[in-house]
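Asker: Okay, here's the prediction I keep looking at, along with the sequence it came from:
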Number of protein chains: 2
Amino acid sequence: MSSEFDLIDAFLSPFGAGKGVVVGPGSDCAAVQPSRGKRLVVTTDAVVEGVHFDLRRFAPEDVGWKALAVNLSDLAAAGATPRWFLCALGVPRKQRADLLARRIARGMAPLSRSSGCALVGGNVTSAAQWSITITAMGEAVRPLSRSKARPGDALVLIGRLGDAAAGLRPYPHAAAVRAQRRPRPLVREGRIAAGFASAAIDVSDGFLQDLRHLCDESGVGAVVECSSLPLGSAARALPDGMELALSGGEDYALLLSVPRRKLAALRKQVRCIAVGRVIRGAGITLTELGQPRPLPRKVGFDHLK
Amino acid sequence: MSSEFDLIDAFLSPFGAGKGVVVGPGSDCAAVQPSRGKRLVVTTDAVVEGVHFDLRRFAPEDVGWKALAVNLSDLAAAGATPRWFLCALGVPRKQRADLLARRIARGMAPLSRSSGCALVGGNVTSAAQWSITITAMGEAVRPLSRSKARPGDALVLIGRLGDAAAGLRPYPHAAAVRAQRRPRPLVREGRIAAGFASAAIDVSDGFLQDLRHLCDESGVGAVVECSSLPLGSAARALPDGMELALSGGEDYALLLSVPRRKLAALRKQVRCIAVGRVIRGAGITLTELGQPRPLPRKVGFDHLK
């Protein structure tokens, strides 16, 4: 069995130093220097073996990438610039866990570098299954939340839907495999959107479910025109692609509410599609080419069911 | 089975709002307002069912308290003032998990309030066993790390050793049960120590192992006089109390290196005991009333063994 300390050394090896880091890995706490005039934006998200990934089907490098990507996607939804992250590992008592940890880190480190999000600390504990719990920190002058969508706002989507869920089907299309294993967090797009949107959420649990979260937190309803939804290329090729787009989850697209008067300006800066509108009241109505379309029975992912 | 969203509501219910919180639980990210002129100090630590606690022996309230306490102890070792925390739960797919989550939260919330550390967000995922992974954030003008102990510094201990390990023995003393289940993080003491110490660590894995971490990170050695070690009342009553104090772990005492010229001033402000000295070189030497004492074979806790 690997010792805790061998495993930590193996995990840390592919990561570089970060900006604004006063105390990095190796002490009880990390210490960083926040920027003046900005809010600190923080999120935590876990991926668990047997729940979010299966090591017989996922390469450890993919697991590492995705564990960080899903957290960066949350920062993107807040319009924040990624700065630092902590990584807590749950590790089964098995032979050569340090080798697997090193491969997980090798998948994570390139995304850490390219997003400017430096590893500053973490934790290791034994557990029944592998898990990676990341806490990512970013900064924003005016962070977006889910709670400020207003009736009359346009609903706008950045990114594509359905491909990640298609990646879990047998014999998936290459685009679907990529979307499932190596989702690209829309950090740049989120930062731009923060200048225009009233509220935002990343589409992780399924478009309809995440839209419902946004509506519930804002105390509003929504109408969505399904024919406007931007399906990914793999989802488009499937007979039930629209269902995957509505309820599949793990897309890591950004769903925004944008005041109408700001829509044209946003469109000039980032590729995005208006998919509906925010209305008074509660509940989500789907239309297809203007006609009502029933809501699917399963709207998204419940992490305990 | 509880839904994810029922469980989140149950968990959040006993917590109050915090200071400096711009966006609290309910969005993709929390947003907080850091203080000007301070460093942000962050740590993450997990407690896992079957590894750190057994729900047949621990009340869920104790688990909740301890999960936060161990993180606050890390902030204490950095000399930081606790501000905010995130809580990621791993939850087995069982009946009424929401009731257990509420009890965990009920144990955690009083410590959150008394320490001024507000819950600002978290995550829930299913898992094979209960786990609570907390990321705590604090602030300090000059955070302590493990890496700046210098030869000639005194080794100083705040708090007591051995009782938490004694609490795992059959028929434990009440003080030992309390130390094991409800450790008190030495936040105030750590903040004071930050004005005097050159380096610090909290004694979580066992005194000798944590001293070794401090020495390794600082590139120094240490001599410890065992008769000076402050044993807790339960450990003192056991024939092998000294072994528990040296290697038992989970004490959440603070171990500091303090330049000699600052020792008297520190002593005036906080109850602490000089237990040895930092020396050039590497390795730890134990003495007992000045005579050499052999190191125990097992010096502390490896989280993967």
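Answerer: Sure thing, it's come through. Note that this is a predicted model, so its numbers are computed, not measured.
Asker: use CA for all of it now, contacts and neighbours both
Answerer: Fine.
Asker: Could you pull up the residues touching residue A:12?
Answerer: By Cα atoms under 8 Å, 6 or more residues apart in numbering or on different chains, residue A:12 lies in contact with A:102, A:105.
Asker: That one and residue A:99, how far apart?
Answerer: 12 Å (Cα to Cα, to the nearest Å).
Asker: And for residue A:35?
Answerer: 37 Å.
Asker: what are the ranges of the helices in the stretch 201-305 of chain A?
Answerer: A:207-218, A:233-236, A:241-247, A:260-269 (DSSP state H, counting those that start in this stretch).
Asker: Residue numbers of the stretch 101-250 of chain A in contact with chain B?
Answerer: For the stretch 101-250 of chain A, the residues in contact with chain B (Cα under 8 Å from any Cα of the partner chain) are A:121-129, A:133, A:135, A:143, A:145-147, A:201-202, A:217.
Asker: Which ones among these map onto strands?
Answerer: Residues of those located in strands (DSSP state E): A:121, A:122, A:123, A:124, A:125, A:126, A:133, A:135, A:201, A:202.
Asker: Grab the nearest non-local neighbour of residue A:88.
Answerer: residue A:123 (4.4 Å; Cα to Cα, 6 or more residues apart in numbering or on different chains).
Asker: Number of residues surrounding the one you found?
Answerer: By the criterion of other Cα atoms under 10 Å in any protein chain shown, residue A:123 has 21 neighbours.
Asker: Hmm, it is touching residue B:42, no?
Answerer: No. Applying Cα atoms under 8 Å, one finds residue A:123 not in contact with residue B:42, separated by 11.9 Å.
Asker: thinking again about what came up before, now the helices of the stretch 201-305 of chain A in CSV, with mean neighbour count and distance to residue B:86?
Answerer: Listed next are the helices of the stretch 201-305 of chain A as CSV, based on neighbours: other Cα atoms under 10 Å in any protein chain shown; distance: least, Cα to Cα, whole Å:
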stretch, mean neighbour count, distance to residue B:86
helix A:207-218, 23, 19
helix A:233-236, 21, 35
helix A:241-247, 23, 28
helix A:260-269, 13, 32
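Asker: With distance to residue B:3 added, can I get these in CSV?
Answerer: Shown next, in CSV, are the helices of the stretch 201-305 of chain A (distance: least, Cα to Cα, whole Å):
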stretch, distance to residue B:3
helix A:207-218, 14
helix A:233-236, 28
helix A:241-247, 17
helix A:260-269, 36
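Asker: Name whatever forms a beta bridge with residue A:258.
Answerer: residue A:154 (DSSP bridges).
Asker: Neighbours of it, how many?
Answerer: Residue A:258 has 27 nearby residues by other Cα under 10 Å.
Asker: re earlier: taking the ones in strands among the residues of the stretch 101-250 of chain A next to chain B together, which two end up most distant?
Answerer: Of all pairs drawn from those, the one with the longest distance (Cα to Cα) is A:126 and A:201, at 32.9 Å.
Asker: So for the two, which sits in the more crowded spot?
Answerer: residue A:201 (30 against 24).
Asker: from what I can see that one touches residue A:255, true?
Answerer: Yes. The criterion here is Cα under 8 Å, and residue A:201 meets it with residue A:255 at 5.4 Å.
Asker: quick one: residue A:22 from residue A:115, how far?
Answerer: In terms of Cα to Cα, residue A:22 sits 20 Å off from residue A:115.
Asker: I'd like the helices of the stretch 201-305 of chain A as JSON lines, with mean pLDDT and distance to residue A:299 appended.
Answerer: What follows is these, written out as JSON lines (pLDDT from 0 to 100; distance: least, Cα to Cα, whole Å):
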{"stretch": "helix A:207-218", "mean pLDDT": "97", "distance to residue A:299": "6"}
{"stretch": "helix A:233-236", "mean pLDDT": "97", "distance to residue A:299": "17"}
{"stretch": "helix A:241-247", "mean pLDDT": "96", "distance to residue A:299": "5"}
{"stretch": "helix A:260-269", "mean pLDDT": "98", "distance to residue A:299": "27"}
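Asker: Now do residue A:1, the pLDDT please.
Answerer: Residue A:1 carries a pLDDT value of 62.
Asker: How about the contacts made by the residue nearest to residue A:88?
Answerer: A:87, A:88, A:89, B:44, B:45, B:46.
Asker: For the closest residue to residue A:28 other than its chain neighbours, which three-state class applies?
Answerer: Leaving out its chain neighbours, the residue that sits closest to residue A:28 by Cα to Cα, 6+ apart is residue B:74, at 5.3 Å. Of the three states, residue B:74 takes helix under DSSP: H, G, I helix; E, B strand; the rest coil.
Asker: Surely residue B:74 is in contact with residue B:202?
Answerer: Yes. With contact defined as Cα under 8 Å, residue B:74 counts as touching residue B:202 (6.2 Å).
Asker: For chain B, what's the nearest residue on the stretch 151-300 of chain A?
Answerer: residue A:201 (6.4 Å; Cα to the nearest Cα).
Asker: and that residue, how far is that from residue B:18?
Answerer: 23 Å.
Asker: Can you work out which residues contact both of residue A:201 and residue A:255?
Answerer: residue A:211.
Asker: In three-state terms, label residue A:16 for me.
Answerer: coil.
Asker: quick one, phi/psi of it?
Answerer: Per-residue torsions, residue A:16: phi -100, psi 180 (degrees, to the nearest 10).
Asker: ok, now residue A:183?
Answerer: Per degrees, to the nearest 10, the backbone of residue A:183 is at phi -60, psi 140.
Asker: Neighbours of it, how many?
Answerer: So residue A:183, with other Cα under 10 Å, has 23 neighbours.
Asker: wouldn't it be in contact with residue A:67 here?
Answerer: No. Counting by Cα under 8 Å, residue A:183 stays clear of residue A:67, with 9.9 Å between them.
Asker: Name the SS class of residue A:90, please.
Answerer: strand.
Asker: Then residue A:190?
Answerer: Residue A:190 ends up helix, using three-state DSSP.
Asker: Now for residue A:123 and residue B:42: what residues contact both?
Answerer: With contacts taken as Cα under 8 Å, 6+ apart, residue A:123 and residue B:42 have no neighbour in common.
Asker: hang on, the earlier thing: give me the distance between the residue nearest to residue A:88 and residue B:148.
Answerer: In terms of Cα to Cα, residue A:123 sits 22 Å off from residue B:148.
Asker: And residue A:11, by the same measure?
Answerer: 24 Å.
Asker: The two - which one has more neighbours?
Answerer: Per other Cα under 10 Å, whichever of residue A:11 and residue B:148 has more neighbours is residue A:11, with 22 against 18.
Asker: The more buried one: helix or strand, and which one exactly?
Answerer: In this structure, residue A:11 is located in helix A:4-12 according to DSSP states H and E.
Asker: pLDDT averaged over that helix - what is it?
Answerer: For helix A:4-12, the per-residue pLDDT averages 93.
Asker: Show me what the helix or strand that that helix is followed by is packed up against.
Answerer: Note on helix A:4-12: by DSSP H and E, the next helix or strand toward the C-terminus is strand A:21-23. When contacts are defined as 3 or more Cα pairs under 8 Å, 6 or more residues apart in numbering or on different chains; DSSP states H and E, strand A:21-23 sits against strand A:30-32.
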